[in-house]
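# model the structure of this input:
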Amino acid sequence: MSSEQQIFRGWGSGLLGVLIFSGSLPATRVAVADLSPMFLTSARATIAALCGAALLFVMRQKLPEKRDLKSLVIVALGVVVGFPLLTALALQYMTSAHSIVFIGLLPLSTAIFAVLRGGERPAPLFWLFSCLGSLTVVSFAFSPQGSSSLIGDLLMIASIIACGLGYAEGAALSRRLGGWQVICWALVLSAPFMLVLTWLAMPATLHNISPSAWVGLGYVSLFSMLIGFVFWYRGLALGGIATVGQLQLVQPFFGLALAGLLLGEPIAWTMIAATMIVMLCVGLARKFA
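Below you'll find the model as predicted:
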C-alpha cells in the first residue's frame, strides 16, 4: 500500500468513526434523563467489554505484552471511564446541542497528546488552524448565546482532555496491536471495576426507565464504546494521529443535526456559524499538516 493510499484509507476510516461518535452525546442526553451518570458509564463499559471479550476470543487474539499494559490503562482511563462519565455529568447541566460544540476542542487536545505521547511533529500552520478552530469553539461556549453553566462547561473541558489522551495513546498502540484490539483489551482490562460499579449504581427499580433511555444506553455501549473505536483507531494509526484527529472538528455538525432532528433541541444560528468555521479549519489544517 502506497503512502497516499494509506492516508486516504486512514481518513475514510476516521470519518466513519466520527459519524458513529456524532450520536454519542445525543444518546447520552436521552439516557441520563432516567439513568444516573455513574450507572450509564459503568453499564456501557460492561456491555461493550462483554462484546469485546467475545470478539477477542473468536478471533483468537493473544494476550498483550507487559509493556502494553500501561498504555491500555491510559486508554481505559481516558475513553472507557473519563470521557463517558464526565460528559454524562456535564449533560445534567446543558443540552446535548451545547455539549456537542465542545467536541471541536478534541482535535487540538488529540494533536497535543500526539506530540507528547505519539512523537508526531505537525507543521506550524497546522497548529495555527487547529488553534483557530478551537478558539472558535471556546468563544461560542462562553458567549451569551452559548452559555449554560460553568460546572457543565468545566466538566466538558475535562472530558475533552481525557478523551484526547485516550485517543492519542490508543492510536499509537494501534500501530502494534491493531485498532479494534486496543479498544477491546482496554474494555476487558476495565471490566472487573466497571462490573462492580454497575452493580452498586443499579437503579432501585427498572420500571420507571423509558424505552428511549435503554436505546440510548444500547447505542453508547455498542457503537460509541466499541464499533466507533474500531474505525477511529484504525484511521488515526494509518493517517496520523494529529492530522486525522482534525476530522473531529466536523463532528459537531453531525451531532447538532441529530440533536435538532431527534431530540428537538433548539439550534441557534451561532452554533451553526461556529460549526462552519471549525469545518473550514479542518481543511486548512489538513492541507498544512
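# state the distance from the residue lying closest to S210 once chain neighbours are set aside to A204.
In this structure, S210 finds its nearest non-sequential neighbour in D34, 5.5 Å apart by C-beta to C-beta, 6 or more residues apart in numbering. To be clear about C-beta, it is placed using only N, CA and C from the backbone, and glycine gets the same treatment. Distance, D34 to A204, by C-beta to C-beta, to the nearest Å: 12 Å.
# which one of the two has more residues nearby?
Comparing D34 with A204 by neighbour count (other C-beta atoms under 10 Å), the higher total belongs to D34, at 19 against 6.
# so who does the more buried one touch?
208-210, 213 (C-beta atoms under 8 Å, 6 or more residues apart in numbering).
# name the element it belongs to?
Assigned by DSSP states H and E, D34 belongs to neither a helix nor a strand.
# same question for R60.
Per DSSP H and E, there is no helix or strand for R60.
# let me see the mean pLDDT of stretch 174-186.
Taken as a whole, stretch 174-186 carries a mean pLDDT of 90.
# got the buried residues for it?
174, 177-186 (16 or more other C-beta atoms under 10 Å).
# one more: stretch 67-87?
Buried-residue list, stretch 67-87, by 16+ other C-beta under 10 Å: 68, 71-72, 74-87.
# and those, which of them are in helices?
Secondary structure from DSSP state H places 68, 71-72, 74-75, 83-87 of the buried residues of stretch 67-87 in helices.
# and those, which is closest to G264?
Lowest distance from G264 to those (C-beta to C-beta) belongs to T87, with 20.3 Å.
# residues contacting the closest one?
24-25, 28, 99, 155-156, 159.
# go with 10 Å
24-25, 28-29, 32, 37, 40-41, 96, 99, 102-103, 152, 155-156, 158-160, 162-163, 220 (C-beta atoms under 10 Å, 6 or more residues apart in numbering).
# touching, V79 and L165? I think so.
Yes: contact criterion C-beta atoms under 10 Å: V79 and L165 qualify, at 8.7 Å.
# give me the low-pLDDT residue ranges for the stretch 151-289 of the chain?
Within the stretch 151-289 of the chain, the segments meeting pLDDT under 70 span 263, 265, 267, 282-283, 286-289.
# picking that back up, tell me which two of the buried residues of stretch 174-186 sit farthest apart.
G178 and A186 (12.6 Å).
# let's see the pLDDT reported for V137.
Confidence score, pLDDT, at V137: 69.
# and S143, by the same measure?
64.
# go on, the one 4 residues further on?
In the predicted model, S147 carries a pLDDT score of 53.
# tell me how many other residues crowd L56.
With other C-beta under 10 Å as criterion, L56 counts 18.
# got it, and the one 4 residues further on?
Neighbour count of R60, defined by other C-beta under 10 Å: 6.
# for F229, see how far away it is.
20 Å.
# equivalent analysis for R121, please.
In terms of C-beta to C-beta, R121 sits 25 Å off from F229.
# neighbour count: these two, which is higher?
A count of neighbours by other C-beta under 10 Å puts F229 above the other of R121 and F229, at 31 against 9.
# so where does P64 fall, helix or strand?
Per DSSP H and E: nothing holds P64, as it lies in no helix or strand.
# now do it, the pLDDT please.
Residue-level pLDDT assigned to P64 equals 92.
# ok, it touching V73?
No: the criterion here is C-beta under 10 Å, and P64 misses it with V73 at 11.1 Å.
# list residues touching both of those two?
186, 189.
# which residues of the stretch 101-250 of the chain fall in helices?
106-118, 124-141, 150-177, 179-200, 211-219, 228-239, 241-244 (DSSP state H, counting those that start in this stretch).
# what's the closest of these to G52?
Nearest of the helices of the stretch 101-250 of the chain (C-beta to C-beta): helix 179-200, 3.5 Å.
# mind saving the C-alpha coords of the closest one as CSV?
The C-alpha trace of helix 179-200 is given here as CSV (Å, rounded to 0.1, in the frame of the first residue of the first chain):
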residue,chain,number,x,y,z
GLY,A,179,-7.2,-0.7,16.3
TRP,A,180,-10.1,-3.0,17.4
GLN,A,181,-7.7,-5.0,19.6
VAL,A,182,-6.7,-1.9,21.5
ILE,A,183,-10.2,-0.9,22.5
CYS,A,184,-11.2,-4.5,23.2
TRP,A,185,-8.3,-5.0,25.6
ALA,A,186,-8.9,-1.7,27.3
LEU,A,187,-12.5,-2.6,27.9
VAL,A,188,-11.6,-6.1,29.2
LEU,A,189,-9.0,-4.6,31.5
SER,A,190,-11.5,-2.2,33.0
ALA,A,191,-14.4,-4.8,33.1
PRO,A,192,-14.0,-6.0,36.7
PHE,A,193,-14.1,-2.5,38.1
MET,A,194,-17.0,-1.5,35.7
LEU,A,195,-19.0,-4.6,36.6
VAL,A,196,-18.8,-3.8,40.4
LEU,A,197,-19.8,-0.1,39.7
THR,A,198,-22.7,-1.3,37.6
TRP,A,199,-24.0,-3.4,40.4
LEU,A,200,-23.5,-0.6,43.0
